[in-house]
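Peer 1: Sharing a sequence plus its predicted fold:
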Amino acid sequence: MASLGISISSVAAGRPMRSLASSPSCSNNKPFASLNATRSLESSRAPFRLEISYDRRFSDELRRQPLAAARSGPVVAAAEPEPMKIMISGPPASGKGTQCELIKKKYGLVHIAAGDLLRAEIGAGTENGKRAKEYMEKGMLVPSEIVVMMVKERLLQPDAQEKGWLLDGYPRSLSQATALEDLRIQPDLFILLDVSEEILIERVVGRRLDPVTGKIYHLKYSPPENEEIAARLTQRFDDTEEKVKLRLKTHHQNVEDVLSTYKDVIFKVNGDAPIEGVFAEIDKALSSILDKKSRTDSASMAAGMSC
């Protein structure tokens with residue numbers, strides 16, 4: 001608490017020019033310090049006298065505050081870490097969709113499946129959809145120019161930029177990976193699910209789609225909840241044994257080139273393991289990335305505040 005009085009008078013005229021005063025000081029505190037100063041100011045017309053009277057009173061609590069602040073050190077605001085950017089890859093029926101759901105639930109990333117984007121185009125009967133279907137029915141990769149712009153536009157939408165993204169099943173070839181690199185779209189981690197071919201074929205052939213909810217079931221491993229749902233399930237046109245073998249062949253031909261692009265951020269997981277075991281391994285890797293991002297952002301903010 002403080003009392004401050006200021007008076008300015010004209011030395012030449014000998015009369016006050018302006019007088020300012022603060023509110024009176026608190027009466028229940030003893031004076032801690034007082035200061036009186038007189039200084040002459042020169043102007044183009046006449047000299048002035050400035051007199052400042054300062055009476056400051058401190059309570060015990062106020063006198064302790066500077067010491068407490070010095071002990072506490074600088075205050076650094078907590079910063080939200082930069083959103084994660086994750087790619088997940090693996091052959092058909094390697095469990096990408098299941099793991100993506102678990103990742104999305106825990107980390108809040110936006111799940112973007114290139115296959116779903118393509119199937120939406122096919123379902124809408126667009127020109128790109130018709131062209132894509134021709135390649136998919138032959139077990140061949142859809143040309144990059146059809147897919148890459150769809151993927152890019154989705155990754156740049158506000159939700160993916162704010163929450164981070166999980167790109168499922170893309171890129172699948174060197175040309176697709178190169179196209180993303182050219183667009184400066186790079187992942188923090190490239191998860192590769194490694195599953196034996198025998199298990200993959202069994203998983204694909206038994207897979208069914210609920211056209212109402214979009215949920216994927218498996219006749220053996222994840223059957224529908226009731227007969228009503230079972231009656232409406234359909235098999236996707238590319239989920240036959242013949243087509244899955246073509247897709248696996250294409251996958252193996254291209255995966256090595258894709259991995260060479262992301263060799264510094266690859267995380268390989270045994271996809272033959274139970275779902276919970278696979279996710280536990282992925283969870284460790286993602287937690288490590290998030291922790292590293294948090295430390296980096298905090299260090300950057302602290303450095304900026306010290307400048």
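Peer 2: Thanks, I have the structure now.

Peer 1: For residue 219, which non-adjacent residue is spatially closest?
Peer 2: residue 206 (4.4 Å; C-beta to C-beta, 6 or more residues apart in numbering). Placement of C-beta: from N, CA and C, glycine included.

Peer 1: now swap in residue 240 and tell me
Peer 2: That would be residue 205: by C-beta to C-beta, 6+ apart, it lies 7.1 Å from residue 240.

Peer 1: Let me see the ranges of the helices in the stretch 201-307 of the chain.
Peer 2: 227-232, 241-261, 275-306 (DSSP state H, counting those that start in this stretch).

Peer 1: Relative to residue 98, how far out is the residue nearest to residue 219?
Peer 2: 14 Å (C-beta to C-beta, to the nearest Å).

Peer 1: And residue 155, by the same measure?
Peer 2: 22 Å.

Peer 1: Kindly report the same for residue 163.
Peer 2: 20 Å.

Peer 1: in the protein, which segments are predicted with low confidence?
Peer 2: Filtered on pLDDT under 70, the chain yields the residue ranges 1-80, 297-307.

Peer 1: what residue is smack in the middle of it?
Peer 2: residue 83 (1.5 Å; C-alpha atoms, centre = their mean).

Peer 1: give me every residue that touches that one.
Peer 2: By C-beta atoms under 8 Å, 6 or more residues apart in numbering, the contact list for residue 83 reads 109, 161-165.

Peer 1: Look up phi and psi at the residue nearest to residue 219.
Peer 2: For residue 206, the backbone dihedrals are phi -90, psi 0 (criterion: degrees, to the nearest 10).

Peer 1: For the helix or strand harbouring residue 99, name the packing helices and strands.
Peer 2: Using DSSP states H and E, residue 99 falls within helix 96-107. Secondary-structure packing of helix 96-107 (3 or more C-beta pairs under 8 Å, 6 or more residues apart in numbering; DSSP states H and E): strand 85-89, strand 110-113, strand 165-168, strand 189-194, helix 275-306.

Peer 1: distance between the first one and the chain's centre?
Peer 2: Going back to what we said before, that points to strand 85-89. Strand 85-89 sits 13 Å away from the centroid of its parent chain (C-alpha atoms, centre = their mean, to the nearest Å).

Peer 1: What of stretch 141-152?
Peer 2: 24 Å.

Peer 1: Alpha carbons of that stretch, in CSV - could you do that?
Peer 2: Presented in CSV, the C-alpha positions along stretch 141-152 are these (Å, rounded to 0.1, in the frame of the first residue of the first chain):
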residue,chain,number,x,y,z
LEU,A,141,-2.8,-50.9,-57.0
VAL,A,142,-4.9,-47.9,-58.0
PRO,A,143,-2.7,-45.3,-59.8
SER,A,144,-1.3,-42.7,-57.5
GLU,A,145,-2.8,-39.8,-59.3
ILE,A,146,-6.3,-41.1,-58.4
VAL,A,147,-5.6,-41.5,-54.7
VAL,A,148,-2.9,-39.0,-53.7
MET,A,149,-5.1,-35.9,-54.0
MET,A,150,-7.9,-37.4,-52.1
VAL,A,151,-5.5,-38.3,-49.3
LYS,A,152,-3.9,-34.9,-49.3
